[in-house]
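Novice: next come a sequence and a model predicted from it.
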Amino acid sequence: MATDKRVVVYGASGYTGRLICEYLREYNIPFLAAGRNHQRVKDAVDAVPGIETVEHEIAEVEHTAAALAECFRGASVVLNTVGPFARYGHEVAQACLDIGAHYTDTNGEQNWMIDAEARYGAEFAAQGLLLTPGLAQMYTIGEIAANICLETPGLDTLDIEVFWKGHPTVASTNTILLNAAFAKAYHLEQNEYVEWRADGWPAEVVVPGQHELGLALPWGGTSHPVWFKNDPRVANARALGGVFDRALMTAVPQIVNAALEQMEGLSTEEKLEVIDATSAQVRSEMPPRENPRINTSLDSVHASGPLGRAHCVIHGNCNYKQTALLNVHAAAALLQQQPRKVGFASSCQAFGHRELLGTLRAFGLVLDPILEVHR
């Protein structure tokens, strides 16, 4: 089967997938909502207010590259929300190559980013297609802030921090455990990947705009070192992230270490079973809908060079809504014109950091950035 809908939301039954459907409705972009369970996808999409005002279809599809390609054929853009992406992303990326569609996802897995670039980047570029994993609040807003700092020439070092108030989804918890079990986390030092230390986390950090210190982790390394490794302006990049809830941040390493102890000596499949069981214990249901008075976000970037400094802070709310809107911005742009860069590229490289910021501002999800520059 094929579709006449040019945009696919894969994983539409999930929390972020449903929000993407909401913004596609606001943009009046027809879409195909797909997932592995027809009823779950239908229930999620039907819960979107006013969904009857936009053309859409629902499809159940097996998670194989061949089945996904058959289901998605005819689409121009696939917005993938099915994670962990190191575990489930390959089939979707291959399906996009098979049908000639652009690819975005909402991942936070540095190992998937590095692998995706190596395995698929050249072929996407050869077809004039965009491969932009990591299109999400936790990574893109910090990248926007970093690029605002880098508008000042002569800065080559990025110190990035992201905080938010929210509830982890099953997929995000699964991702944290998968990263801990199977991947290393890197920061960028003189354009080379350097592994983060394994212990001593969480670290205390200064959070702009409050007197209390925050707790942060490398969070799998994040996407920032990957994006800026190929940026001639940048030699060093490190990023830490966390939630404002100190109790939860203190508990994260304990949960991870307990799971790793359970995995000791097990096969890969058995380790995945432990990860799935632990994720379900932490969060097995759909998180509550975000409240902008409660679910706030903060991205802070210190950029420095031999004779210059800049600091950019972006305050926002509803980080999952930010993620959804960013993906719909990408879809709307790709339906109208080629991206600024094809192949493996960040959203800022593909669409422009000021353009992404403008969309977030237009929908009331971030404040105007606070920028301080000293030269």
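Specialist: Everything's here; your move.
Novice: need the residues that contact stretch 237-251.
Specialist: When contacts are defined by CB atoms under 8 Å, 6 or more residues apart in numbering, stretch 237-251 is touched by residues 138, 142, 146, 157-166, 187-188, 202-203, 205, 207, 214-219, 221-222, 224-225, 228-229, 296. Where C-beta positions appear, they are placed from N, C-alpha and C, glycine not excepted.
Novice: again, but for stretch 43-56
Specialist: Residues contacting stretch 43-56 (CB under 8 Å, 6+ apart): 5, 12-14, 17-18, 21-22, 24-25, 28-33, 58.
Novice: which ones among the residues you listed map onto helices?
Specialist: When DSSP state H is applied, these are split such that 17-18, 21-22, 24-25 fall in helices.
Novice: secondary structure class of Thr250, three-state.
Specialist: Using DSSP: H, G, I helix; E, B strand; the rest coil, the secondary structure recorded for Thr250 is helix.
Novice: and it, how close does it get to Ala146?
Specialist: Using CB to CB, to the nearest Å, one gets 28 Å for the distance from Thr250 to Ala146.
Novice: do Arg233 as well
Specialist: Remark: distance between Arg233 and Ala146 (CB to CB) = 10 Å.
Novice: more crowded one of those two?
Specialist: A side-by-side neighbour count of Arg233 and Ala146, using other CB atoms under 10 Å, places Ala146 first with 29 against 15.
Novice: pLDDT of the helix or strand harbouring Thr359, averaged?
Specialist: Element membership for Thr359 (DSSP states H and E) is helix 353-362. On average, the pLDDT along helix 353-362 is 98.
Novice: and if you look at stretch 332-350?
Specialist: 97.
Novice: make residue 1 into 33 and carry on from there
Specialist: Got it, first residue is 33 now, which makes that one stretch 364-382.
Novice: what about that stretch, distance to the chain center?
Specialist: 16 Å (CA atoms, centre = their mean, to the nearest Å).
Novice: show me which residues of it are buried.
Specialist: Using 16 or more other CB atoms under 10 Å as the test for burial, stretch 364-382 gives 364-366, 371, 374-382.
Novice: same list, the residues you listed, but as JSON lines with secondary structure and distance to Ala107 please.
Specialist: JSON lines is the format used below for those (DSSP: H, G, I helix; E, B strand; the rest coil; distance: CB to CB, whole Å):
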{"residue": "Ala364", "secondary structure": "helix", "distance to Ala107": "14"}
{"residue": "Ala365", "secondary structure": "helix", "distance to Ala107": "15"}
{"residue": "Leu366", "secondary structure": "helix", "distance to Ala107": "11"}
{"residue": "Pro371", "secondary structure": "coil", "distance to Ala107": "16"}
{"residue": "Val374", "secondary structure": "coil", "distance to Ala107": "17"}
{"residue": "Gly375", "secondary structure": "strand", "distance to Ala107": "19"}
{"residue": "Phe376", "secondary structure": "strand", "distance to Ala107": "20"}
{"residue": "Ala377", "secondary structure": "coil", "distance to Ala107": "20"}
{"residue": "Ser378", "secondary structure": "coil", "distance to Ala107": "22"}
{"residue": "Ser379", "secondary structure": "helix", "distance to Ala107": "19"}
{"residue": "Cys380", "secondary structure": "helix", "distance to Ala107": "24"}
{"residue": "Gln381", "secondary structure": "helix", "distance to Ala107": "23"}
{"residue": "Ala382", "secondary structure": "helix", "distance to Ala107": "18"}
